[in-house]
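Participant: show me the folded form of this:
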Amino acid sequence: MKPKFHRYLLALVGVCILIFFFNLDAIYVNIMEARNFGSAREMLNLDHWLLTTLNDIPRYEKPPLPTWLTAISAKIFGIEHLWALRLPAACAATLLAVSLYKFSTLIHITRKQAFIGALIAVSSFYIIFSGRNGQWDIFTHSFMMVAIYFLFQFFRDERKLWRNAILAGIFFGFSILSKGPVSLYALFLPFLIAYAIVYKFHDFRKKWGAFLVFLILGLAVGLWWFVYVRLADPVAFLEITKDEAANWGSYNIRPFYYYWSFFTQSGIWTIPSFVALLYPYLKNRVSNKKAYKFAILWTILSVILLSVIPEKKSRYLLPVLIPMALNTSFYIEYLFSNFSGLKMKEKWVVYFNFGLIAIIGIAFPFAAFFFLDLDGIYYLWYILTSVALFGIGIAIFYYFRKNRFSKIFYLTVGFICSVIVFGFPLIDTFIDNPNYKSFSELKKQAEKQQFRVYEYNSFSPEIIWDYGKPIPILIKNESLSLPKEDEFGLLFNVTDTISSKEFSGYSIQKIDQYDLNQVSPEKSGYKDRLMRDFYILKKKN
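Facilitator: Presented below is the predicted three-dimensional model:
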């Protein structure tokens, strides 16, 4: 059995490398990344490692562990490399896959099914997005999954009790130090409730001491930074905490049922994930009924707890995808073993889901040729992507005829890998803003002509990231604070009008307009907040 274990684990890591590490710099920086990368850069350039900042303004909304890891990666590989900034998130996603695989083997399912569940997780839409994106959700849930892996062993076995308690506590703390109590509430608490219902806490009296060590260690590791910032910068900390608490009840408010299409966040596994949630249908078809009951309870409880919170965003569903991948593996494992003998009333769902993927693969070479603006090297990527996806599409239909569902499953994972490895470079063909002009050009101009650049009343994180260093803001606490320099540059939002009255002592000259949008103004993704008019102001004699 040992070689099989290593084969599955090595194959899983190999798939993670293809999905999370290839073409990490293919997509431009989004607003969440700009905030996080900006804070990491200010750690390196301004030495703000503990009192974290963005645009040289306190940013205590998020704990610093992922930012530290990103800053260290940037220090080693170079902050100019976008892939270096996203590398820690890719590593965290791989850690999530490995810990989910190893956890799954603890609930008495086969290693093959554990491998299936981990593959479903890493090829689910939002886990792919988070693992290739410099946002901190993937860190908090990955660390919590490791904590759950050790805590499950702590609950079930008296051997290595203290080792499991200490390691669970450390990673529990890492999770809190990544994004506060988010994963504790959305992943850990539903796990704990599901465990209590299905497995129960047997012989727990002997473990209270070690469990207290787990709690104390976890809270100490997770909360020390919050205590430090509260003492070192109490005014800013309390103001930010107040604003964050208010957002939970007044920002992005959605109805209770908003998350109940949660299974769609798994992307290509949407239909299998939905079928796996049909407990009356699947309960007598799975190989381990108790483990299946635990997985489905963990999934549903996570959704219910998230639904209670008034503030809702699609990305908050990331923790749900972890137990849901495990839950879906029961349905996929059932198809592995029984597909050839199923009647059409059960098969049609499989035909529809995976047949649709095959059709997309076969159609890609024709659709892409007409819709993509191909030129130069992009023809090579188009050919490679077309060969891979067309071949996978044909192979899926071939194995449908052979009733070999296992091959179809692995081809579907291969479909995702092919899109990322060969298809992602084609994203550049969608960048078509003729007015694009980087703010980094303005920085070079300012350094050459020796003037300082200011923002008028607000800043966009993407602009600060692109500019390369903090840009001071003139409006503070609703009052205008004019620079001391006789000449300075001023960035003004294109939707506003500069007031000659406010700057009556200066001559005002519009120099240029900068536009950080990658897409053309006619497209829906175009944002005015990524544009600025640039003025030079000179003090009158």
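
Participant: okay, now the unreliable bits of the protein?
Facilitator: Under the criterion pLDDT under 70, the flagged ranges of the chain are 1-5, 247-251.

Participant: report the contact partners of the residue sitting nearest the centre point of it.
Facilitator: Nearest residue to the geometric centre of the chain (C-alpha atoms, centre = their mean): S130, 1.9 Å. Counting by C-beta atoms under 8 Å, 6 or more residues apart in numbering, S130 touches 89, 93, 137-138, 315, 318. Heads up, the C-betas are built off the backbone N, CA and C, glycines and all.

Participant: which one is I240 nearest to, not counting chain neighbours?
Facilitator: Y60 (4.8 Å; C-beta to C-beta, 6 or more residues apart in numbering).

Participant: how about that neighbour, secondary structure?
Facilitator: Classification of Y60 by DSSP: H, G, I helix; E, B strand; the rest coil places it in coil.

Participant: do you know how far it is from F115?
Facilitator: 41 Å (C-beta to C-beta, to the nearest Å).

Participant: who are the packing partners of whatever helix or strand D533 lives in?
Facilitator: If you go by DSSP states H and E, D533 is part of strand 531-539. Contacts defined by 3 or more C-beta pairs under 8 Å, 6 or more residues apart in numbering; DSSP states H and E place strand 531-539 against strand 487-493, strand 506-515.

Participant: tell me which residues in it are buried?
Facilitator: Using 16 or more other C-beta atoms under 10 Å as the test for burial, strand 531-539 gives 531-537.

Participant: make JSON lines from those and add distance to A168 to it.
Facilitator: JSON lines is the format used below for the buried residues of strand 531-539 (distance: C-beta to C-beta, whole Å):
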{"residue": "M531", "distance to A168": "49"}
{"residue": "R532", "distance to A168": "48"}
{"residue": "D533", "distance to A168": "54"}
{"residue": "F534", "distance to A168": "53"}
{"residue": "Y535", "distance to A168": "56"}
{"residue": "I536", "distance to A168": "58"}
{"residue": "L537", "distance to A168": "58"}
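
Participant: quick revisit: please identify the deepest-packed of the helices and strands packed on strand 531-539.
Facilitator: strand 487-493 (a mean of 20; mean count of other C-beta atoms under 10 Å).

Participant: elements contacting it?
Facilitator: strand 452-455, strand 531-539.

Participant: between these, which one is closest to F369.
Facilitator: Nearest of those to F369, taken as C-beta to C-beta: strand 531-539 at 33.3 Å.

Participant: that closest one pairs with which strands?
Facilitator: Its sheet considered, strand 531-539 pairs with strand 487-493 (antiparallel), strand 506-515 (antiparallel) by DSSP bridges.

Participant: and it, how far out from the chain's middle?
Facilitator: 36 Å (C-alpha atoms, centre = their mean, to the nearest Å).

Participant: cool, and stretch 400-416?
Facilitator: That offset, for stretch 400-416, works out to 27 Å (C-alpha atoms, centre = their mean).

Participant: one more: stretch 341-356?
Facilitator: 32 Å.

Participant: what sits up against it?
Facilitator: For stretch 341-356, contacts defined as C-beta under 8 Å, 6+ apart pick out 268, 270-272, 275, 335, 339, 396-397, 400, 405, 408, 412.

Participant: so can I have JSON lines of those residues showing secondary structure?
Facilitator: Below are the contacts of stretch 341-356 laid out as JSON lines (three-state DSSP):
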{"residue": "I268", "secondary structure": "helix"}
{"residue": "T270", "secondary structure": "helix"}
{"residue": "I271", "secondary structure": "helix"}
{"residue": "P272", "secondary structure": "helix"}
{"residue": "V275", "secondary structure": "helix"}
{"residue": "L335", "secondary structure": "helix"}
{"residue": "F339", "secondary structure": "helix"}
{"residue": "I396", "secondary structure": "helix"}
{"residue": "F397", "secondary structure": "helix"}
{"residue": "F400", "secondary structure": "helix"}
{"residue": "F405", "secondary structure": "helix"}
{"residue": "I408", "secondary structure": "helix"}
{"residue": "T412", "secondary structure": "helix"}
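
Participant: dump the residue contacts of V275.
Facilitator: Applying C-beta under 8 Å, 6+ apart, the residues contacting V275 are 281-282, 331, 349.

Participant: mind redoing it with 6 Å?
Facilitator: For V275, the contacting residues are Y331, by C-beta atoms under 6 Å, 6 or more residues apart in numbering.

Participant: quick one: it from G341, how far?
Facilitator: From V275 to G341 the distance is 17 Å (C-beta to C-beta).

Participant: identify whichever of the helices and strands packed on strand 531-539 lies nearest to T385.
Facilitator: strand 506-515 (29.8 Å).

Participant: list the contacts of that closest one.
Facilitator: 435-437, 439, 531-539.

Participant: partner residues bridging K510?
Facilitator: The partner list for K510 in beta bridges (DSSP bridges) reads Y535.

Participant: and S386, what does it touch?
Facilitator: S386 neighbours (C-beta under 6 Å, 6+ apart): P365.

Participant: and the helix or strand harbouring it, how far out from the chain's middle?
Facilitator: Take DSSP H and E as the rule and S386 turns out to sit in helix 378-401. The chain centre lies 28 Å from the centre of helix 378-401; the measure is C-alpha atoms, centre = their mean.

Participant: so which bits of it are buried?
Facilitator: Of all the residues in helix 378-401, those buried under the rule 16+ other C-beta under 10 Å are 381-382, 384-386, 388-390, 392-393, 395-396, 399-400.

Participant: ok, stretch 53-73 next?
Facilitator: 53-56, 58-60, 62-71, 73.

Participant: ok, now stretch 179-198?
Facilitator: In stretch 179-198, counting by 16+ other C-beta under 10 Å, buried: 179-180, 182-188, 190-195, 198.

Participant: now, which of the residues you listed lie within helices?
Facilitator: 179, 182-183, 190-195, 198 (DSSP state H).

Participant: quick check: of those residues, which lies closest to Y526?
Facilitator: Nearest member of those to Y526, counting by C-beta to C-beta, is K179, at 30.1 Å.
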